[in-house]
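Asks: Sharing a sequence plus its predicted fold:
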Amino acid sequence: MKTNLNRISTAFFIFLVLLVTVNVVVPQERSARQMVADGKGTIEVGREKMDLHSVVVKLMEDGQVEFILVSDITFFLKGTYVENDKGQQEIDVKITGGATGGGVQGIGKILLRDDGKSISRLALEGASNTSERKVKVSFVAQ
């Protein structure tokens with residue numbers, strides 16, 4: 001029962017974040033892709049390790065990417081992306097910041113399912129600009 005309540009709460013929170021994002025942010029080009037996935041993963045910041053429950057990835061037409069990582073707390077990251085030469089199922093990511101001024105710098109990959117429209121896996125590695133703590137994100141969608 002507690003697990004179902006947690007999943008419902010997580011899904012409701014993601015819905016609210018998306019609703020606020022759509023209503024507050026200037027509308028993006030039609031070709032922007034937004035993907036939401038529930039699953040299991042971890043976020044490691046220095047020696048701290050948190051479970052990762054959900055991921056929202058928004059790929060904009062201009063090569064920008066935004067991440068919302070839902071854990072016990074929510075992380076916001078941004079960066080750039082290019083689709084890998086191996087096909088549209090693999091996207092290379094460069095993290096250039098976050099919601100705060102300090103942000104995170106790093107690299108990573110988004111692996112898509114065969115349909116090319118939904119997340120299969122996410123892997124990011126980098127370091128905090130302010131504290132030099134290592135940051136690592138790994139996620140596998142359900």
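Replies: Great, that's in hand.

Asks: And Glu29, what's its pLDDT?
Replies: Looking at Glu29, its pLDDT is 39.

Asks: no, scratch that, I was asking about Thr96
Replies: Thr96 is assigned a predicted lDDT (pLDDT) of 92.

Asks: Next: the one 10 residues further on.
Replies: You'll see Gly106 listed with a pLDDT of 95.

Asks: Any idea what it is bridged to?
Replies: The residues listed as beta-bridge partners of Gly106 by DSSP bridges are Ile95, Gly126.

Asks: any idea how far it lies from Asp38?
Replies: From Gly106 over to Asp38 the distance is 24 Å, taken as CB to CB, to the nearest Å. Just so you know, the C-beta spots here come from the backbone N, C-alpha and C atoms, and that holds for glycine as well.

Asks: Check Gln142 too.
Replies: Taking CB to CB, one finds Gln142 at 6 Å from Asp38.

Asks: Please say which of the two ends up with more neighbours.
Replies: More crowded of Gln142 and Asp38, by other CB atoms under 10 Å: Asp38, with 16 against 7.

Asks: Skipping adjacent residues, who's closest to that one in space?
Replies: Of all residues not flanking Asp38 in the chain, Ser54 sits nearest, at 5.0 Å (CB to CB, 6 or more residues apart in numbering).
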